[in-house]
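1. sequence and predicted model, in that order:
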Amino acid sequence: MEPAEPALDADHEISSARQVFRELDKTCRATRTYGLANAVTKRFFEQLNSLMLSHLESWPVLAVLVERAELLLYDEAVYKSEDSIGDSLAFRLFGDGVREVRFEHGLSPEELHAFVDALWGHAEGEDADDDVVTRLWDKDLATISFLTAEDIVQAPWTPELTPQENGFFASPPASFKGLVEKEKSRAASGGGARPANGPPAAGENLKQGGGLVGFEVTDDDRKTVADELTAERGMDDISYVLSMVKAILECEAAPDVLSRGLSVVPGMIDALLTDGNWPSLTELLAVIEGVADVNPDFEPTHRIMAQRVLQSVSLPIQVGLIEKGLNSPTAKPLASLPPLLSRLDEHAVAPLCGVLAGVEPDEPRAILRESLVRIGRSNPEPVLKGLADERPAYVRDLIAIIGAWQLPQTADALAMVVSHASPEVRADAISAIARVHPSGDGAPLLAYASDKDEDVRQHALRTLATGRYTLPFEAWAPHLTDREAIVDLTRAQKRLLFQALRATAGDGAVPFWEELLTGRGWKQRTKKEETALLAIKVLVSLGTPRAREALDLGRREGSSPVRKACAAELEKA
Amino acid sequence: MPDPTDPLLIHDRSLTTKVARGSEAGDIVEQQLILLGTQLVSQLNVLLRTTRSHGGSNAALERPVASIRTLVKALGNDQPVVLRVQEGFVFLGERHLKTSVFQIPIFSSFIDAIAALGIGAVSIKPDVDQAHLRKFAELFVGMQPSERLEALVAKLKDAGIHSVELEAPRAIAKQDAAEGAIVRGDTRTSAQGGDRGQLRQRARSAYSRVGTALAELNHNARGGGTIHFRQAKRAIQNIADLLLKDPATVLGLTTLRSHDEYTQNHSVNVALLSMALANRVGYSKVELGELGLAALFHDLGKCAVPLEVLNKPDEFTAAEWDVMRTHPSEGVLALLASRGLPRVPARMAAASFEHHLTVDGTGYPALRRPWKQTLSSRVIAVADCYDAMTSARVYRREPFAPPNALRYMIGKSGTLFEPVLLKYFVTCIGIIPIGTLVLLDTGELATVLRPAPDKEHLDRPPVRIIAGAQGNALEPAPEHDLRELTANGAYARSIVRLVDNTEYHLETARWVSAAALRD
């Protein structure tokens, strides 16, 4: 095959490079918009990889010069940003001082991915320690290299980096004659270079042929350091730094150092909370708690500082950070969260409610609930206020907490939950009311007796029907004004309603049932009779003189079936 | 409403005021220097543009002229401020000025104006007066398209302007000529390594930059400011690259020391020696970078030690030693206070905390429970001790000769130092360490340049012969490979004696550094 014309080949190369960088630009844009893990971005990566590999098959190196807004190959632009310069691939490199970038044959998809990650995988200003250059270097990419502006500019020799000849050392003499003579003489007399005392050292046995006797690195040595290096690679940075802080607080004697040591702890607590590093945080707090007993140089001021540090975990800002920690992608297992929460006091109730509101998974919610059960009992107000929240899961948690407290005074607050949109929440509130207020005034439950949700309503009525609650009929009256609606209820619904009425209002409700026994009308005749018959049964079970009076009235003034039924019941009685 | 394209002091006028007052506040560091450098570019641009539009006597020039003078005073610290344009990038001295999107129009205008006349750098002295700046601008904008740098230099000279100087663009480093050629038409796969000249050039530049970055960070740490590593990191990364290609050149750099900047040079040397040792031990490239950065900041805690103690020329009192002994802990606390827990690299904190701990549990801080140093800290401890012993410094004036320092350390193997690491260290710097002064069997005096290149000739390292058999100084001092044989198969030269250079107050770095650094 004839070799391609150089000019034509260069044209092909430039054209191919343009395609590659067009695709790279699209990939970068997708990365900026959707992130590296997104499916759309991944598709762009696949296309880019295919084009890049194809290019590098034909030309083993793709090396471009970086200009402000362009990438050049053979002085031809192979990339120009169509977007603003801030989104330009070229400027991203140029701005951080990259002058040339080179992709070489053998480039893997992973390396391409790492390259884009170094460019756009980090928000601007996210880490002041790094820029594109340091990130690219850290990726250690075998087939992608770069030159920086600083690499290429020939710096002059910096005169301040000179041998030290102005202190102990002097400038070299014009002649070394005296020195050479003296050393020759010493050598002739067999004197070694080392002082009379001291151990033998490398380089000392020159006359015996030298060598590394005693200093060879053996296979065992290599294995030892390799193992240690592996162990160091697996080191948990945070734990190690914590262990150093612990050691400093335990051993330092200087008051200033101890004060500085304690003054960095609040920042560490915040960081650990934010990261959800509960084990380390628990450990740190334990250290602070016990360090005064270990270090005899702790002064009263240090003890006060330590105490304040421990108290600071209950402050609203710190408690608020728990939410961040729980939602952190790097959050640690929750086993160490309860010991941390056990340090919170009643001041933490309000912010901890906020945390509970912002966390979704069940496991941490359960732990937070437990904590609020413990600390909230003496400061229930923030929890009660939270009942007005719209989020069902949150409010159900609060209801569970309130239920666990068993404080009767919270029943009224639970009654307010009747306006919550979620029937599950309302049902929970009824159960909680039954728990915190197991008998007595049924008013908190009555709010739910007309609930629009059948299940909730029945739950409330069943609770009222237990006989542990009392209510004047006047309290029921507003719920019973629509007689037609009551007649319309199913038989079971009516029975339950009447039982609740009987259990709470007793004789007070008899006029209501009397009216059902004596009421007339053609409309819904059958249902009315059914309702009246149910009323008769309730009156019978009520069994009071007033109930019997009502039955007697029914026997006299009711419809034919009512009269018969009342007569039968009175006869039985 | 400020002009968004004019960055002068918009972001932080208080900072400039502070700078103009000569403040040495610790927060005036990298970012601020870059900000001020950028502002200088901006104001020079405004000066030239306004002069072009309104002439050199217009009142509108007052503001840029005053700003330039303020900025030069603040940036220069009594030295000229150099703005360099090279390959489309702008440098403040040797520091690349990172360009943001908003600054691009200003930078472009400045670069184009400078490049049009073939100017590589503008140097402004701190004593520049208003009249000279105005005249400079007038002469600059009055240049004809056909005129070049030399013409403007002549005009400045004629006008008696010495406070503004111009330079031609610098030569491009060799690696650019080699590797850049690919961009300009040669797409062969690049050779890894490059020649020794290129490496030395990079080494020199990296050493200088890492030292500067360290000085700024130390200054900032002392002022309680935030510590960022970007500049130092880039320099350390360059050194790691060099180390993998030519460890000897990097080791040669460690013989460089400046008595006045002991802590700074010592820290840089510890970083280099640690990286060289770690390279032997098997650290990856990225790990070498991390270790180098950790080693560079191992003495960060000294920022908490009062300068009068740190720089005391006499022996320390017991109380002063107590203060000095807090610096490992102070280093950890400084990192935590400045950067916050999640951004403290454990290796770096450990380097600070553990570098005076010892294998046998002595050393300081005096811990209350057993503690095992990280491998990295033990590496750094070896490098730290070696460099400290071979350096002259304020609180111990007499340094050790390199072989004596090594001998001392080997004597402490298993107590102060990890035996295995010491073995590696010996193989790293050579059984006859770099910088050792030696007497040859020819009667010549030489200094060791690099470790011996092969195992069979460990006592035959490359040397530089600095004096003849009669003691006559050789200039230039020739390099010699002690493995070289004569015609009859004997070695041409052999070492017969290691000479204690400190006995003669003779610093060998002059010859070693020349090898490491000369282009």
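-> Great, that's in hand. Residues are numbered from 1 along each chain as shown, chains lettered A, B, ... in the order given.
2. when you work out contacts or count neighbours from here on, use the C-alpha atoms and nothing else.
-> Noted.
3. number of residues surrounding the residue in the stretch 151-300 of chain A positioned nearest to chain B?
-> Minimum separation of the stretch 151-300 of chain A from chain B (C-alpha to the nearest C-alpha) falls at residue A:177, amounting to 3.7 Å. Residue A:177: 17 surrounding residues under other C-alpha atoms under 10 Å in any protein chain shown.
4. ok, residue A:310 next?
-> 20.
5. quick check: the gap between it and residue A:293.
-> 15 Å (C-alpha to C-alpha, to the nearest Å).
6. now swap in residue A:230 and tell me
-> 36 Å.
7. flag the shaky bits of the stretch 401-519 of chain B, pLDDT-wise.
-> For the stretch 401-519 of chain B, applying pLDDT under 70 flags the ranges B:513-519.
8. just the helices in it please.
-> Counting by DSSP state H, counting those that start in this stretch, the stretch 401-519 of chain B has helices at residues B:402-411, B:419-429, B:509-517.
9. make a markdown table out of the ones you listed and add distance to chain A and mean neighbour count.
-> Shown next, in a markdown table, are the helices of the stretch 401-519 of chain B (distance: least, C-alpha to the nearest C-alpha, whole Å; neighbours: other C-alpha atoms under 10 Å in any protein chain shown):
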| stretch | distance to chain A | mean neighbour count |
| --- | --- | --- |
| helix B:402-411 | 5 | 23 |
| helix B:419-429 | 5 | 23 |
| helix B:509-517 | 6 | 23 |
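10. go ahead and confirm residue B:121 touches residue B:81.
-> No: Residue B:121 lies out of contact with residue B:81 (C-alpha atoms under 8 Å); the separation is 10.0 Å.
11. burial of the residue lying closest to the residue of the stretch 151-300 of chain A closest to chain B once chain neighbours are set aside, as a residue count?
-> With sequence-adjacent residues excluded and distances taken as C-alpha to C-alpha, 6 or more residues apart in numbering or on different chains, residue A:177 is closest to residue B:471, at 3.7 Å. When neighbours are counted by other C-alpha under 10 Å, residue B:471 registers 19.
12. now swap in residue A:110 and tell me
-> Residue A:110 has 10 nearby residues by other C-alpha under 10 Å.
13. which one is residue A:470 nearest to, not counting chain neighbours?
-> Using C-alpha to C-alpha, 6+ apart, the nearest residue to residue A:470 is residue A:504, at 4.1 Å.
14. chain A versus residue B:443, what's the distance?
-> 7 Å (C-alpha to the nearest C-alpha, to the nearest Å).
15. ok, that residue - contacts?
-> Applying C-alpha atoms under 8 Å, 6 or more residues apart in numbering or on different chains, we find residue B:443 in contact with A:180, A:184, B:468-470.
16. pull out the buried residues from the residues you listed.
-> A:180, A:184, B:468-470 (16 or more other C-alpha atoms under 10 Å in any protein chain shown).
17. from those residues, pick the one nearest residue A:92.
-> Checking those against residue A:92 by C-alpha to C-alpha gives residue B:468 as the nearest, at 56.7 Å.
18. the closest one touches residue B:477, doesn't it?
-> No: look at residue B:468 against residue B:477 with C-alpha under 8 Å: they stay out of range, at 9.7 Å.
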